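1. 3D, please:
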Amino acid sequence: MKDLRGRIIQTSLELFESHGFHGVTVNQIVEASHTSKGGFYHHFQSKEELLFVIHDTFITYVLKEAQAANVTHTSPVEKIQSIVQSFVGVFDLYKPHISVFYQESNYLKPVYEEQIKHKRDVFKTMVFDVIQEGQQSGQFRKELPHEITGMAILGMVNWIYKWYRRDGKYSIDEIADVFTDLILRFLLPGPPTDEYLNHMLHVPFFYNVK
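-> Coordinates of the predicted model:
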């Protein structure tokens, strides 16, 4: 039965990617996954619940990995690296799920949308908290507003789904290394040099914040 559930999810991912959520019927999913309607409804109450499960799978994974990073590491520097590495990795591990998420998320029922939003908010708060923890301990730059900094990290990583290809020039691990390096370089403290400031069009407002 567990294999059947996975087969239904995988089949629906392929169909939703090709034809869209409303372009696919339960009958088509049943036929393509070589099951019956009884088999389908044993695992999913509706096509809408199936779409929710697809969304929930990768969001739950990212959240669990972030929670594990908080438990495993004591340093916010190590925590943010672990969170970024697993966050970037999800775009390879669950690439079809994420494609369907961005393509079809408008069709989630409110009850499912609320659950997804809750998990995304929990993950966002965890990223914010790690940044604040690093700022309070002096390991991260204190002058950066933590909310903007956190949203910058989330936005930068989330955009991977637009351009990442498994057959591309760089592997997902190499991409994760680049993102981790970029994020650490703007988080770790160090006063801006005169040479650096001379290259800027204007001095950012937060450099005056103590």
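
2. make it CA atoms for all contacts and neighbour counts henceforth
-> Fine.

3. Quick test: name the residue nearest the centre of this protein.
-> Phe87 (5.3 Å; Cα atoms, centre = their mean).

4. Quick one: low-confidence residue ranges for the protein.
-> Scanning the chain for pLDDT under 70 picks out 1-2, 207-210.

5. Tell me where it has helices.
-> 2-19, 26-32, 37-43, 47-72, 76-93, 95-104, 110-136, 146-158, 160-163, 172-187, 194-198 (DSSP state H).

6. Pipe those into a markdown table and attach distance to Phe205 per row.
-> Converted to a markdown table, the helices of the chain look like this (distance: least, Cα to Cα, whole Å):
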| stretch | distance to Phe205 |
| --- | --- |
| helix 2-19 | 44 |
| helix 26-32 | 54 |
| helix 37-43 | 54 |
| helix 47-72 | 31 |
| helix 76-93 | 25 |
| helix 95-104 | 34 |
| helix 110-136 | 18 |
| helix 146-158 | 13 |
| helix 160-163 | 29 |
| helix 172-187 | 16 |
| helix 194-198 | 13 |
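
7. Count the residues that sit near Ser75.
-> Neighbourhood size, Ser75 [other Cα atoms under 10 Å]: 15.

8. Now do stretch 26-41: everything it contacts.
-> Leu4, Arg5, Arg7, Ile8, Thr11, Ser12, Leu15, Lys47 (Cα atoms under 8 Å, 6 or more residues apart in numbering).

9. quick one: buried residues of stretch 162-181?
-> Tyr164, Ile172, Ile175, Ala176, Asp177, Phe179, Thr180 (16 or more other Cα atoms under 10 Å).

10. out of the residues you listed, who's nearest Ser105?
-> Tyr164 (19.8 Å; Cα to Cα).

11. Nearest to Phe206, out of the helices of the chain?
-> helix 146-158 (11.6 Å).

12. first to last residue in stretch 94-114, what's the distance?
-> 21 Å (Cα to Cα, to the nearest Å).

13. Please tell me how far that stretch is from the chain's geometric centre.
-> On the basis of Cα atoms, centre = their mean, to the nearest Å, stretch 94-114 sits 13 Å off its chain's mean C-alpha point.

14. For the residue nearest to Pro96 when sequence neighbours are not counted, give its distance to Arg7.
-> Distances taken as Cα to Cα, 6 or more residues apart in numbering place Leu13 nearest to Pro96, at 6.4 Å, with adjacent residues excluded. Distance of Leu13 to Arg7, computed by Cα to Cα: 10 Å.
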